[in-house]
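Novice: Could you look at this predicted model? Sequence included:
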Amino acid sequence: MKILANNKKVSHEYFILDTYECGIVLKGTEIKSIRLGKIAISDAYARVKEFELYILNMHISKYEYGNIFNHEETRERKLLMKKHDIIKLGQKIKSDGLTLIPTKVYLKEGFCKLELALCKGKKLYDKRESNKEADTTRRLEKITKEYRT
C-alpha cells in the first residue's frame, strides 16, 4: 500500500468517529497524475447525492504529457461504495450533522483508493484540550527517554 496524499489537519479540526475505504471513478489521465503524487485533498469533502457518493474540491493536477483530452482539475468525482453503506452514511450525516472528509489517498493492488472519515467538528476549547494532551504526552516521552539513558 503506497500512500499518495495524507490530510493531517483532519485530526486537529474534527473528531473522527468512523473510517471507510472506497474507490474513485477516474477519467483519462487522472490516474497518471495521481501516481506521480500530484493530488491535494486538504480542502476536499464528500457528500451523498441521490444514493450516490461524490467527492468535491479534490485537486488532481493536469498530466503534463497529456494532450487536448486532459482532465478537469477539480471536477466532482464519483466514489465507489456499497449502496446500503451509502444510505447509512446519508442518514447519519442528515440526523447528526456530521461530515465526510477524506484522510488518505493510496494505491492498493494497483487501484486508487480513498479513506473517508465520518467526522464531527471540534470547538475551539476542544482543540486547546487536544493540544494540551499532545503536549503532555510529548513531555512524558522526553522525560522517560532521558531517564532510560
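Specialist: All right, it came through fine. Residues are numbered from 1 along each chain as shown.

Novice: Quick check: the residue nearest the centre of the chain vs Arg77, distance?
Specialist: Centroid-nearest residue in the chain, with CA atoms, centre = their mean: Pro102, separated by 1.6 Å. With distances taken as CB to CB, to the nearest Å, Pro102 is found 11 Å from Arg77. For every residue, glycine as well, the C-beta is placed using N, CA and C.

Novice: Tell me the residues that contact both of these two, please.
Specialist: 55, 58 (CB atoms under 8 Å, 6 or more residues apart in numbering).

Novice: Pass me the low-pLDDT residue ranges in the protein, would you?
Specialist: Across the chain, nothing is flagged by pLDDT under 70.

Novice: Grab the longest helix from this protein for me.
Specialist: In the chain, with assignment by DSSP state H, the single longest helix is helix 124-148.

Novice: helices or strands up against that helix?
Specialist: Here helix 124-148 touches helix 10-13, going by 3 or more CB pairs under 8 Å, 6 or more residues apart in numbering; DSSP states H and E.

Novice: Can you tell me what sits against the helix it packs on?
Specialist: 16, 101, 103, 117, 119, 121-122, 127, 130.

Novice: List the contacts of Thr29.
Specialist: By CB under 8 Å, 6+ apart, the contact set of Thr29 is 62-63, 66, 69-71.
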